[in-house]
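Student: Build me a model from this:
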Amino acid sequence: MNAIRVKVTREGNPIHLSLPEYATPGSSGVDLRSVESAMIQPGSWGVVGTGLRIEIPEGYEAQVRPRSGLALKKGIMVLNTPGTIDSDYRGEVRVILMNLGKDAFSVEPGDRIAQMVFCPVVKACLEEADNLSPTEREAGGFGSTGSK
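Tutor: Purely as a prediction, here's the structure:
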C-alpha cells in the first residue's frame with residue numbers, strides 16, 4: 001500500500017501523547033486525541049484542540065470524522081462532518097464536537113475524540129452551460145427516490 005508523507009508539529013503540551021496512529025491494519029483513519037479538558041453540555045457544541053499542526057501534500061485533504069463508539073454510546077458527533085483540512089492549512093487541528101446525548105460530555109487530555117482520514121482531492125473545471133442533460137430523476141430532491 002502506498003502511503004503519503006504528512007509532516008506533523010506539536011504546540012502546547014501534546015508532547016506526552018503519541019502521534020496519531022491507525023488502531024488496526026484495516027483502519028481508514030488515525031485517532032485524534034484531545035490536549036485539553038472540555039465539558040460539552042447536552043444540545044451544545046465546543047471546539048477541542050489536538051495540539052497538532054500538519055502539512056498535507058498538495059492533491060490531498062484530511063477529513064475529520066466522528067468516532068462511531070462516541071456517537072453510539074454518548075451521542076457525540078463532529079458537527080461539520082466531515083471537517084475538511086486543506087493542504088495549505090497550517091494551523092492547529094481542532095475538532096468541533098456536538099453533544100446530542102442526554103448527559104454532559106467530559107473531555108480530558110489524551111481522550112480519543114475523532115478520527116482523521118487522508119483522501120485524494122479531484123479538482124473540477126466548472127463550465128457555465130445553457131442547459132443540463134436530462135435524467136429520469138430531473139429536479140427530484142430529498143426523498144424523491146423513495147425509501148424502499
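
Student: Quickly find the element holding residue 98.
Tutor: Following DSSP states H and E, one finds residue 98 within strand 92-99.

Student: Could you do residue 57 as well?
Tutor: Following DSSP H and E, one finds residue 57 outside all helices and strands.

Student: so it touches residue 118, yeah?
Tutor: No - using CB atoms under 8 Å, residue 57 is not in contact with residue 118, being 9.0 Å away. Where you see a C-beta, it was placed from the backbone N, CA and C, and this is true even at glycine.

Student: buried sites along stretch 103-121?
Tutor: 105, 107, 109, 111, 113-116, 118 (16 or more other CB atoms under 10 Å).

Student: got these as CSV, with secondary structure columns?
Tutor: Shown next, in CSV, are the buried residues of stretch 103-121 (DSSP: H, G, I helix; E, B strand; the rest coil):
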residue, secondary structure
105, strand
107, strand
109, coil
111, coil
113, strand
114, strand
115, strand
116, strand
118, strand
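
Student: Tell me which residue is most central in the protein.
Tutor: residue 64 (1.0 Å; CA atoms, centre = their mean).

Student: For it, identify the helix or strand it belongs to.
Tutor: Per DSSP H and E: strand 60-65 holds residue 64.

Student: cool, residue 73 as well?
Tutor: Here residue 73 sits within helix 68-74, counting by DSSP H and E.

Student: distance between that helix and the chain's centre?
Tutor: 15 Å (CA atoms, centre = their mean, to the nearest Å).

Student: what's next to it, contact-wise?
Tutor: Contacts to helix 68-74, defined as CB atoms under 8 Å, 6 or more residues apart in numbering, come from residues 76-77, 99, 101, 103, 105, 113.

Student: helix or strand right after it?
Tutor: Once helix 68-74 ends, the next helix or strand along the chain (criterion: DSSP H and E) is strand 76-78.

Student: Identify all contacting residues around that next one.
Tutor: 40, 64-67, 70-71, 95-101, 105, 114.

Student: Return the member of the residues you listed nearest to residue 89.
Tutor: residue 64 (11.7 Å; CB to CB).

Student: how about the helix holding residue 73: buried residues?
Tutor: 70-71, 74.

Student: same thing with stretch 118-135?
Tutor: Buried residues in stretch 118-135, counted by 16+ other CB under 10 Å: residue 118.
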